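Engineer: Return a 3D structure for these sequence lines:
(2 chains)
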Number of protein chains: 2
Amino acid sequence: MARLKPLSGFPEFLPSGQMVENHVTRILEETFELHGFAPIRTRAVEPMEQLTRKGEIDKEVYVVDRLHADPHDTRSGKDRLGLHFDLTVPFARYVLENAGHLYFPFRRYQIQKVWRGERPQEGRYREFTQADIDIVGDQTLAEHHDVETPLVMLSALERLHTELGFPTVTMHVNNRKLSEGFYRGLGIADPMAVLQRVDKYDKIGPDAVRKLLVDELNLSDDAAAKCVALASIQSTDDSFIAKVRELGVANDMLEEGLDSLNRVVAAVNKAVPGRMVANLKIARGLDYYTGTVYETELTGHESMGSVCSGGRYESLASDGKHVYPGVGISLGLTRLLAPILSRGELSSSRSVPSAVLVAVNTEEDRATSEVIASALRSRGIPCEVAPKADKFGKQIKHADRRGIPFVWFPGVKHADYRDADTVKDIRSGDQVEADAGAWNPPTEDLHPGVIGTW
Amino acid sequence: MARLKPLSGFPEFLPSGQMVENHVTRILEETFELHGFAPIRTRAVEPMEQLTRKGEIDKEVYVVDRLHADPHDTRSGKDRLGLHFDLTVPFARYVLENAGHLYFPFRRYQIQKVWRGERPQEGRYREFTQADIDIVGDQTLAEHHDVETPLVMLSALERLHTELGFPTVTMHVNNRKLSEGFYRGLGIADPMAVLQRVDKYDKIGPDAVRKLLVDELNLSDDAAAKCVALASIQSTDDSFIAKVRELGVANDMLEEGLDSLNRVVAAVNKAVPGRMVANLKIARGLDYYTGTVYETELTGHESMGSVCSGGRYESLASDGKHVYPGVGISLGLTRLLAPILSRGELSSSRSVPSAVLVAVNTEEDRATSEVIASALRSRGIPCEVAPKADKFGKQIKHADRRGIPFVWFPGVKHADYRDADTVKDIRSGDQVEADAGAWNPPTEDLHPGVIGTW
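Structural biologist: Numbering: from 1, shown residues only, chains lettered A, B, ... in the order given. I've put the predicted structure just below:
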């Protein structure tokens, strides 16, 4: 085993980092379940036919083949299997496959790894974890779910902020109908082409977008200027409507989009004031959204881009007879955590779950330490027994290295009695007599905490 | 989207089944953490060079390639990537890669999917989840960890038994040194070859094993008979030692194995009486164990084979300078759960996490229901708001279908007051006035329970 270099694009964490990821994951799971979202997990592979439907993304798919495929198992072309690159494609397939056993509207969360064969670069991964929530209806899905879905995700992000010190977030929202209606009102025949260029607004700036619209799409200077002006509109209240009207474009779909966006932003900001901004340059250009679209920025870390995005699909899935509209948001867990964990800026307060190291007096007396550990565990106190009956100084060092706050010393055995046990807080040096059937560590020491700052 | 047939060998669950798997997973995680095991998660892929070291298994590896690999990224031969087929190979690599940042003995648990390109058949999967615990030392690892590791896994399995009604288990244990020493004492030069045939004892029976040993390995009738006689020895106490001695074979390694096995079985059975059996036919023939080996049977479901296996490696990993011995056990979570979940014999008490459906009086008054839901959630009560202000009968049906036990009716709004809220247990029909800031469901209704029997 000589090749020890990490594989670029496949982040892994030390246990202290993994415990942070698990802590975050549990907060997400708890929040999603509090809101009635049921968990599902889909297989890692899908037929290539499903994975290549999205167009642009296909070059990033990892194909999976048996090393020695036997002749009875030959899959060719679109029958081949690939690793899923998001959780939306497998979820849509899952809904169709299990529609007869699901009740709609169906609310599910799904936290899994996905894979993309991208060239690795800062903030890009080949394997990463996403946490998705979606609500999917049978034939129809009411607009209030466009309010509910971001509120659930914002509720999870708020817990990460208050409990773990993560930055606050702002969710930026737009409505595809608003943009598309506006473009159509300008007489533009291919609104998607405009959307995909407006999508680059933050990266290349308004002037460059306008130039693209004129040069590549042959828009008039006036139309291009209006598209860019639309994209520059933002507000946390309904003032975005007046600003759009000032541009003097009339279109029914535009009106529909304005109304819907207004209702969504108002309802979300009523529940969590200031967390949502109507931002008319949000495009999600590569995805097939048809209504509300969401992106989310971390305050003070806007350059990371959106950590949490989604939107509404008129047809998340369809089997010809039934159409399943959906609205969902996906949190990029690895994208959010891997940079700060790998820089060590966020970590666990210890590298093991144990709150207590039970010392061992002698190897012959190890069973005594095991009994103490069992008593502590039966009351939910994570602990481990020292691996060796070393001198106590060495056993304390064993705990100290791992960040275990307490060392338990079993009372020494005498002919007909045993000394009282003692427990030592190795941070303060305080040592007190203790009974394994009754002692408790301070609540904040029971489990590893998340330490560090953004 | 027309292809809706599940992929054979890639099990997926409905939400009610997934909640059972998650429940089981949380019990495992809690138990492992109570014993000081830290979580890690490794990437899904390893270089093929690592994956093909184990010999026999290589034909089952899934190779992973980018659909449109670019010329700068060409991986060939052993540099190619494959999906891991167990969690031991990636863990060994992780230990070497991170040795400088880990403290030994290092205790970790890892619950992840693995992939094997096997021909699917009953009880065999191409994608399945394993839950592994291992303790790994730097240069040495004391024998008491051979006692500790099975006790941790037995503790988890005991919780599955008492809390979820899983069958009890018996762990069968042997020691490779015992078998190898015995074979060497008989003058056999290739003990591994014998071990791999003894491994088939349960499948083909003692007579067929003896025949294999004579026909394929040219053992004498007497030696073959003794090998088979050794394999037939079982005991929960130390009587296996006398039975081995009766076979009249003398060898130092045999003695070492007998002593070690005796200590392990005695210590485990002292802690959890009757859960461990010395069973001298346990071989784990395809794995590179060097000492204690474990297999685990579910009482009444012995035909499933071992649900939980492992053993000790003198060298789990080595970088030339350092050798890292380890002892570990792997629970086949999918193997354990998928058959009983897919038969519907084990399920969740409801298909959603929600304990309460908050009804909606009118769409205009939806915000009232949202406020009630928030109040319930702030006290940890999972709930969802009805998707539509249907007639109450229909809203109750919405809850009933999903198994949600309670429906909350917001008091009707009048000009200057609101009627009291009521909550209805739709199983009994009992309906009482309730305050969303104070009401609690019975503890057993707060979260979905696991129902059904093995």
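Engineer: residues from the stretch 351-454 of chain A in reach of chain B?
Structural biologist: With C-beta under 8 Å from any C-beta of the partner chain as the criterion, the stretch 351-454 of chain A meets chain B at residues A:351-354, A:366-367, A:370, A:374, A:377, A:380-385, A:387-388, A:398, A:401-402. Yep, even glycine has a C-beta here, placed from its N, CA and C like the rest.
Engineer: Which of the residues you listed are buried? Put it as a ChimeraX command.
Structural biologist: Remark: buried members of these, expressed as a ChimeraX selection using 16 or more other C-beta atoms under 10 Å in any protein chain shown:
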select /A:351,352,353,354,366,370,374,377,381,382,383,384,385,387,398,402
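Engineer: now, which of the residues of the stretch 351-454 of chain A next to chain B lie within strands?
Structural biologist: Within those, residues falling in strands by DSSP state E are A:Cys383, A:Glu384, A:Val385.
Engineer: quick one: which of those is nearest to A:Glu216?
Structural biologist: Checking those against A:Glu216 with C-beta to C-beta, the nearest one is A:Glu384 at 63.2 Å.
Engineer: hey, what's that closest one bridged with?
Structural biologist: In this entry, A:Glu384 is beta-bridged to A:Leu357, by DSSP bridges.
Engineer: My read is that it contacts A:Val352, right?
Structural biologist: Yes: contact criterion C-beta atoms under 8 Å: A:Glu384 and A:Val352 qualify, at 7.1 Å.
Engineer: Mutual contacts of those two, please.
Structural biologist: Contact criterion C-beta atoms under 8 Å, 6 or more residues apart in numbering or on different chains; residues bridging A:Glu384 and A:Val352 by contacting each: A:Ile404, B:Gly36, B:Arg107.
Engineer: Neighbour-wise, give me the winner out of those residues.
Structural biologist: When neighbours are counted by other C-beta atoms under 10 Å in any protein chain shown, B:Arg107 leads those with 27 neighbours.
Engineer: Quick one: classify that residue as helix, strand or coil.
Structural biologist: strand (DSSP: H, G, I helix; E, B strand; the rest coil).
Engineer: could you measure A:Ser220 against chain B, distance?
Structural biologist: In this structure, A:Ser220 and chain B are 38 Å apart, going by C-beta to the nearest C-beta, to the nearest Å.
Engineer: Not counting sequence-adjacent ones, nearest residue to that residue?
Structural biologist: Distances taken as C-beta to C-beta, 6 or more residues apart in numbering or on different chains place A:Val214 nearest to A:Ser220, at 7.8 Å, with adjacent residues excluded.
Engineer: ok, now how distant is that neighbour from A:Asp222?
Structural biologist: 10 Å (C-beta to C-beta, to the nearest Å).
Engineer: again with A:Ile381
Structural biologist: For A:Ile381 relative to A:Asp222 (C-beta to C-beta), the value is 71 Å.
Engineer: Flag every residue of the stretch 101-250 of chain A that's near chain B.
Structural biologist: Taking C-beta under 8 Å from any C-beta as the contact definition, the stretch 101-250 of chain A meets chain B at A:101-103, A:105, A:107-108, A:113, A:115, A:117, A:119, A:127, A:137, A:142, A:144-145, A:148.
Engineer: Closest to B:Tyr201 out of those residues?
Structural biologist: Of those, the one sitting nearest to B:Tyr201 (C-beta to C-beta) turns out to be A:Lys113, at 39.1 Å.
Engineer: part of a strand, is that closest one?
Structural biologist: Yes: assessed by three-state DSSP, A:Lys113 belongs to a strand.
Engineer: Identify the spatial nearest neighbour of it, chain neighbours not counted.
Structural biologist: A:Thr129 (5.3 Å).
Engineer: secondary structure class for the one you found?
Structural biologist: Applying three-state DSSP: A:Thr129 is strand.
Engineer: Surely it is in contact with A:Thr334?
Structural biologist: Yes: using C-beta under 8 Å, A:Thr129 is in contact with A:Thr334, at 4.9 Å.
Engineer: tell me the SS of A:Asp132?
Structural biologist: Per three-state DSSP, A:Asp132 ends up strand.
Engineer: dump the residue contacts of it.
Structural biologist: Here A:Asp132 is in contact with A:Leu87, A:Thr88, A:Phe91, A:Tyr109, A:Gln110, A:Ile111, A:Gly310, A:Gly328, A:Ile329, A:Ser330, A:Leu331 (C-beta under 8 Å, 6+ apart).
Engineer: again with A:Leu376
Structural biologist: A:Val356, A:Val358, A:Cys383, A:Trp408, A:Ala436, A:Trp439.
Engineer: Strands of the stretch 151-300 of chain A, residue ranges please.
Structural biologist: Under the criterion DSSP state E, counting those that start in this stretch, the stretch 151-300 of chain A contains strands at A:169-175, A:234-235, A:276-279, A:292-298.
Engineer: Ok, which of those comes nearest A:Ser306?
Structural biologist: Of all these, strand A:292-298 comes closest under C-beta to C-beta, at 3.8 Å.
Engineer: quick one: average pLDDT of the closest one?
Structural biologist: The predicted model assigns strand A:292-298 a mean pLDDT of 97.
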